[in-house]
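>>> my questions are about this predicted structure, shown below with the sequence.
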Amino acid sequence: MTKGKGYSGVTVVDHPLVQHKLTRLRDRDTSTKTFRELMREISTLLCYEVTRDLVLTDRAVETPLEATTAPEIAGKKLVFAPILRAGEGMLEGMLTLVPSARVAHIGLYRDPGTKAAVEYYLKVPETLSERQVIVMNPLLATGVTARAAIDRLKEEGARDLRFVCVLTCPEGIEALRGDHPDVAIWTAGIDRGLDERGFILPGLGDAGDRLYGTR
């Protein structure tokens, strides 16, 4: 795990398993089924890193042999907030590691003409202000939908937010951190930039289409 070169608040998860799975996600010949499985697996590994510094508290327990104290996570349960639709591909992997987490759903898409974020669905748990919220989307490209999602979550009361993506680029980092410097980013890789359509290069294509077999 390394800090993003030249980028404050960015952590690149460079574990060999993460990098291996990212390479397979990039491959255009990877099937929809395998792409979906890899996305779930890499999301679990990213979840491990983004939750590394959760606050712990000690509590008394009775083992089969004796009484002791042992650590457990303190405070209210986490909230996972996938940005629909592609973010759903990361949710199962995250819930594998933290099955008790609450889930917020944010439906956003980038209008192909105006490039603005269009919201079509929002459903969040109560008391967001008391919970750590982990926003997820496979790609952080232009940053349009990520910024809009975090704007809405803050409007709903969220105060402690983190953003997790499989892949990003300088433009996406600068856009998100520029609007929300309090939101740190975890990612498996930082690619060189965007093409004229707003796709990451070399990237892995359209994550939503590859997850669901659409185009």
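Received, thanks.
>>> CA atoms for contacts and neighbours, from now on please.
Noted.
>>> ok, Q132 - contacts?
By Cα atoms under 8 Å, 6 or more residues apart in numbering, the contact set of Q132 is 77-79, 158-162.
>>> what are the bridge partners for it, then?
For Q132, the beta-bridge partners under DSSP bridges are D160.
>>> for V144, see how far away it is.
For Q132, the distance to V144 equals 22 Å [Cα to Cα, to the nearest Å].
>>> dump the contacts of Q132 into JSON lines; add pLDDT and neighbour count as well.
Compiled in JSON lines, these are given as follows (pLDDT from 0 to 100; neighbours: other Cα atoms under 10 Å):
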{"residue": "K77", "pLDDT": "87", "neighbour count": "15"}
{"residue": "L78", "pLDDT": "93", "neighbour count": "20"}
{"residue": "V79", "pLDDT": "96", "neighbour count": "22"}
{"residue": "A158", "pLDDT": "95", "neighbour count": "20"}
{"residue": "R159", "pLDDT": "94", "neighbour count": "18"}
{"residue": "D160", "pLDDT": "95", "neighbour count": "16"}
{"residue": "L161", "pLDDT": "97", "neighbour count": "23"}
{"residue": "R162", "pLDDT": "97", "neighbour count": "20"}
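>>> which single one of the residues you listed is nearest to E49?
For those, the minimum distance to E49 (Cα to Cα) is 11.6 Å, reached by R162.
>>> any idea which helix or strand carries G107?
Element membership for G107, per DSSP states H and E: strand 105-110.
>>> got a list of contacts for that strand?
Applying Cα under 8 Å, 6+ apart, the external contacts of strand 105-110 come out as 81-85, 116-124, 144-145, 149.
>>> quick one, helices of the chain?
All helices of the chain, identified by DSSP state H, fall at 16-26, 32-50, 88-97, 144-155, 170-179, 207-212.
>>> that'll do, ta.
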